[in-house]
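Peer 1: here is a sequence with its predicted model. Questions after.
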Amino acid sequence: MKKIRIADGSFSSIAGKGLIQLTAKINLHSVLHVPNLTCNLLSVSKLCQDSNCRVTFFESHCEFQDQNLGTMIGRARMIDGLYYFDEISSGNKKAQGFSSTSSIPVQDTIMLWHLRLGHPSFAYMKRLFPELFKGMDCSSFQCESCILAKNHCSTYLPKPYQASKPFYIIHSDVWGPSKISTLSGKKWYVTFVDDHTHLCWVYLMYKKSEVEYLFNTMIENQFQTKIGILHSDNGTKYFNEHLGDYLKTKGIHHQSTCRDNP
């Protein structure tokens, strides 16, 4: 429903007849759009010219009549200072031009205001527009955008740990640079975690490009064993030409996580 303030011949002067609330669709031409206005201003003279009708105000109601024939087009009753447009018979085609029941369905009007007001809940909208929700269940309305916005990421199903041998899977990550360096001037460190034993080794570095050298040293010099899988992120310190060639020659499969994941 629109609350339309009736003016007595121009948009600047407002009559003392109060407000008229029409459940209607009125076609007007050459209208002005003023975004800062809190309500719609409707000129009675403009309405009479476009619809070829006249409006007569009474103490309790106002009437719309055809200018040529003098027949009644519509009637609005005053309730608490507002004029409510009465029901129109289906045979009155001119009156149907005022009626919103022949233009926009109520469901579409509710959804339109739901979008305009920033997707509030329909229960809250029912409190704002009780007349609009007459005879309707607010739980029957659904907004696809609201449903998608409230969805949560699917949780990962717990997967039981499958036993493997030590050093079969090595998880690695690089941290740095630190604002404070060590006594030897190192600001980076790399970690290697064994998936089977959960043992962790930490190596300090001057720069992150030293990952390749430290990885080679850990495998060949200290543990003298073979690694099956290296698990890391997608950083260039792991995905580069030198480390990639080394992993291929040793037959080590390189797995990576998605971006911005732990």
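Peer 2: Thanks, I have the structure now. Numbers count the residues shown, from 1 in each chain.
Peer 1: quick one: the helix or strand hosting Q65 to chain centroid distance?
Peer 2: Using DSSP states H and E, Q65 sits within strand 61-66. Distance of strand 61-66 from the chain centroid (CA atoms, centre = their mean, to the nearest Å) equals 44 Å.
Peer 1: cool, and stretch 208-215?
Peer 2: 44 Å.
Peer 1: what does it rub up against?
Peer 2: Stretch 208-215 is contacted from outside by 172, 174, 176, 188, 190, 192, 203, 205, 230, 235, 237-238, 240, 242-243, 246, using CB atoms under 8 Å, 6 or more residues apart in numbering. From N, CA and C alone the C-beta is placed, and that goes for glycine too.
Peer 1: would you check which pair of those lies furthest apart?
Peer 2: G176 and Y246 (22.0 Å; CB to CB).
Peer 1: returning to that earlier point: show me which of the contacts of stretch 208-215 is closest to A76.
Peer 2: Distance to A76 across the contacts of stretch 208-215 (CB to CB) is lowest for G235, with 71.2 Å.
Peer 1: now that closest one, nearest residue through space, not along the chain?
Peer 2: Leaving aside its chain neighbours, G235 sits nearest to V174 (6.6 Å; criterion: CB to CB, 6 or more residues apart in numbering).
Peer 1: what distance do you get for the one you found to W188?
Peer 2: 6 Å (CB to CB, to the nearest Å).
Peer 1: hang on, the earlier thing: what helices and strands are in contact with the strand holding Q65?
Peer 2: Counting by 3 or more CB pairs under 8 Å, 6 or more residues apart in numbering; DSSP states H and E, the packing neighbours recorded for strand 61-66 are strand 53-57, strand 72-79.
Peer 1: ok, of those, where does mean pLDDT dip lowest?
Peer 2: For the helices and strands packed on strand 61-66, mean pLDDT drops lowest on strand 72-79, to a mean of 75.
Peer 1: right, I'll leave it there.
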